[in-house]
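>>> Provided below are the primary sequence and the corresponding predicted coordinates.
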Amino acid sequence: MSNPLYGLKALFPNADFTRDIILADDGTGEVRIANWNLPNPIPSEAAIAGAAATYVEPAPVLPKDIVDLIVELSPARRAALKAELARP
């Protein structure tokens, strides 16, 4: 099995890879499942490889833009900011 990480991420998107599924390099460059701490059975190599082909890295969480931040302000702070921005 080559690196099973992406296949396992596709099959178990909520798994914690520091607790639920632990992978290790066996010293030859091959990554293997070292510990399996999920109630599900370990999937076959074929199932992992097939799932790896479908894996899409999730989009990064972007910081909020200024409009989102202004909406979260208290009404008093929003009014003060609006007045401050309106000054020449």
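Structure's in. What do you need? What you see is a predicted model, and the numbers here were worked out from it, not measured in a lab.

>>> from the chain's centre, how far out does stretch 62-70 sit?
Taking C-alpha atoms, centre = their mean, to the nearest Å, the mean C-alpha location of stretch 62-70 is offset from the chain mean by 21 Å.

>>> ok, and what's touching that stretch?
The contact list for stretch 62-70 (C-beta atoms under 8 Å, 6 or more residues apart in numbering) reads 78, 81. Any C-beta I mention is one placed from the backbone N, CA and C, and that applies to glycine too.

>>> now do stretch 3-21
By C-beta under 8 Å, 6+ apart, stretch 3-21 touches 23, 31-33, 35-38, 40, 43, 45, 47-52, 54-55.

>>> Where do the strands of the chain begin and end?
Per DSSP state E, the chain carries strands over the ranges 21-25, 31-36.

>>> Could you provide the ones you listed in TSV, with additional columns for mean pLDDT and mean neighbour count?
Formatted as TSV, these follow (pLDDT from 0 to 100; neighbours: other C-beta atoms under 10 Å):
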stretch	mean pLDDT	mean neighbour count
strand 21-25	94	14
strand 31-36	94	13
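
>>> Could you list the alpha-carbon positions for stretch 66-84 in CSV?
What follows is stretch 66-84, C-alpha atoms only, in CSV (Å, rounded to 0.1, in the frame of the first residue of the first chain):
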residue,chain,number,x,y,z
ILE,A,66,-14.5,43.6,7.0
VAL,A,67,-18.3,43.5,6.3
ASP,A,68,-18.7,40.4,8.3
LEU,A,69,-16.7,41.9,11.2
ILE,A,70,-18.8,45.1,11.1
VAL,A,71,-22.1,43.1,11.2
GLU,A,72,-20.9,41.5,14.4
LEU,A,73,-20.2,44.8,16.1
SER,A,74,-22.6,46.0,18.8
PRO,A,75,-25.1,48.6,17.5
ALA,A,76,-23.4,51.4,19.5
ARG,A,77,-19.9,50.5,18.2
ARG,A,78,-21.3,50.2,14.6
ALA,A,79,-22.9,53.7,14.9
ALA,A,80,-19.6,55.1,16.2
LEU,A,81,-17.6,53.4,13.4
LYS,A,82,-20.1,54.7,10.8
ALA,A,83,-19.7,58.3,12.2
GLU,A,84,-16.0,58.0,12.2
